[in-house]
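Novice: Test case, fold it:
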Amino acid sequence: MQDYKTPGVYVEEIPKFPASVAQVASAIPAFIGYTEKQGDGNKYNLLPTRISSLAEYMDIFGGPKKESIAVSASETSANVFDISVTAINPSHLMYYSLEMYFANGGGACYIVSVGKYANAPEYGTKADPTKGLKAGLDKLKEEDEPTLIVFPDATKMTSNYSILLQDALAQCHELQDRFVVMDVHPDTATFRNLSSGYLKYGAAYYPNLVTSLNYSYDDSGVTVTLTNLDKKKTTPKLSDLKSDNNALYNQVKNLLTLENVVLPPSGAISGVYARVDRDHGVWKAPANVSLNAVIKPEIRITDKDQEDLNVHTSGKSINAIRSFTGKGTLVWGARTLDGNSNEWRFISVRRFFNMVEESIKKGTGWVVFEPNEANTWIKVKAQIENFLTLQWRAGALAGAVPEDAFYVNVGLDTTMTKDDILAGRLIIEIGLATSRPAEFIILRFSHKLQQS
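Specialist: Model prediction:
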């Protein structure tokens, strides 16, 4: 109460409601890789940058790398050619992955450019770009908002891929507010050699996707090996054919429109996470969801194939992407890498805990240096309970009534001892009965004897 000294009428506003907990964003991926440019000069080098559209990405970081393409053309009769693409080996996939991210429902995200295409080390050489991607991961640690980590270029690495993923999982464990979306590389058996530490913070997807995107190229970057009717071979650039042989030029151009970009799935899957979180909630499994801008998975997976992917003795589950007649291409798995854990088996459970932990952590910051006594305990308990009740109503928590879905405990001789209070510790215990996806739907049938 104020110390009033002058006679008069005074107004006092008495707070009755507890502070609220605001839910943090749950699907803000950070894409770490190489870009065409980094703004003006190197302004955005290793600088986590928030964007909200592909146009904004292109303004700052440019477009896709122009691919080198090799084409074979054999003349079968006068000005009639049998042509085929013999080589396309894209080395940088950031732009294409961003296209897939936005096509599948993605929104705001972060870009960490670790270098320009022109200065990037070649994949498959001794200068494998692990160091650059690791530097981008380290810089991301300083940014609070991102909740997903994606490496679009990493599957082009010939070595140290598993080390990079282990570093990412370690960052998730340390910060407890993010999750790694992984691509399987180079094959499932090798991928499962990944260290067993912190597996609950990541999920892997397989196989690669044949997308509806087309490769970016300049005519001068397309090499045509031409075999004439007299079996004489020449090697021109496609740009040279535009005036010399329009018929062949047009055939090659038409052929290249049929060449679809093949991508690791992490970009599209990150978009699915964002779409499901927005349409349903982070507690909904990002599975049984169709993929946009995808023609088919690169490898067809059967029920038998998926048995080893989904449930494996190593515990490292791999989520399949499959085509189904009449349904299209679907994400057909919802497990973290910690597939043998009853606690952290499902992606939705891990990511929901991430969201709740981060939201409550930020929402209860006001408690720091407040008196560690019953009035404070009641306020902070009510604050957390109100937030969790909203989650229960949304369907994130299982239970007929809130008391069955969660509990919040705080108090002397409940969560704290006298020594805790003397040491300045206010301890709150929170238990959540998270809803879990129905992974196996079992229909049991039997004969019923005739009754009448």
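
Novice: Just give the nearest non-adjacent residue to Ala394, would you?
Specialist: For Ala394, ignoring the flanking residues on the chain, the nearest one in space by C-beta to C-beta, 6 or more residues apart in numbering is Gly281 at 5.6 Å. All C-beta spots, glycine's among them, are computed from the backbone N, C-alpha and C.

Novice: How about the backbone phi and psi for the one you found?
Specialist: Dihedral angles phi and psi of Gly281 (degrees, to the nearest 10) take the values phi 150, psi 160.

Novice: Now do the contacts for it.
Specialist: Listed by C-beta atoms under 8 Å, 6 or more residues apart in numbering, the contact set of Gly281 reads Ala394, Gly395, Ala396.

Novice: so which of those comes closest to Asp167?
Specialist: Of all the contacts of Gly281, Asp167 sits closest to Ala396, with 30.6 Å by C-beta to C-beta.

Novice: ok, the closest one - how many residues close by?
Specialist: Ala396 has 24 neighbours, counted by other C-beta atoms under 10 Å.

Novice: List the contacts of it.
Specialist: Contacts of Ala396 by C-beta under 8 Å, 6+ apart are Gly281, Val282, Trp283, Phe352, Thr434, Ser435.

Novice: May I see the contacts of Gly281 organised as TSV, with pLDDT and distance to Tyr249 added?
Specialist: TSV is the format used below for the contacts of Gly281 (pLDDT from 0 to 100; distance: C-beta to C-beta, whole Å):
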residue	pLDDT	distance to Tyr249
Ala394	96	58
Gly395	95	58
Ala396	96	58
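
Novice: Which ones among those map onto helices?
Specialist: Applying DSSP state H to the contacts of Gly281, the entries found in helices are Ala394.

Novice: can you give me phi and psi for Asp82?
Specialist: Dihedral angles for Asp82 - degrees, to the nearest 10 - are phi -100, psi 110.

Novice: re earlier: which of the contacts of Ala396 lies at the shortest distance from Tyr249?
Specialist: Of all the contacts of Ala396, Val282 has the smallest distance to Tyr249: 51.0 Å, by C-beta to C-beta.

Novice: I'd say that closest one and Val349 touch.
Specialist: No. Assessed by C-beta atoms under 8 Å, Val282 is found out of contact with Val349, at 10.0 Å.

Novice: So which of those two has more stuff around it?
Specialist: Neighbour tally, Val282 and Val349, criterion other C-beta under 10 Å: the higher count belongs to Val282, 28 against 23.

Novice: Ignoring the adjacent residues along the chain, who's closest to the more buried one?
Specialist: The shortest distance from Val282 to any non-neighbouring residue, by C-beta to C-beta, 6+ apart, is to Ser26 (4.0 Å).

Novice: What is the neighbour count of the one you found?
Specialist: 24.

Novice: Name the SS class of it, please.
Specialist: For Ser26, the assignment made with DSSP: H, G, I helix; E, B strand; the rest coil gives coil.

Novice: ok, it - contacts?
Specialist: By C-beta under 8 Å, 6+ apart, the residues touching Ser26 are Thr147, Asp277, Val282, Arg351, Asn354, Met355.

Novice: Which one of those residues is nearest to Gln176?
Specialist: Nearest to Gln176 among these is Asn354, at 6.8 Å by C-beta to C-beta.

Novice: Mind pulling up the pLDDT for the closest one?
Specialist: On pLDDT, Asn354 comes in at 97.
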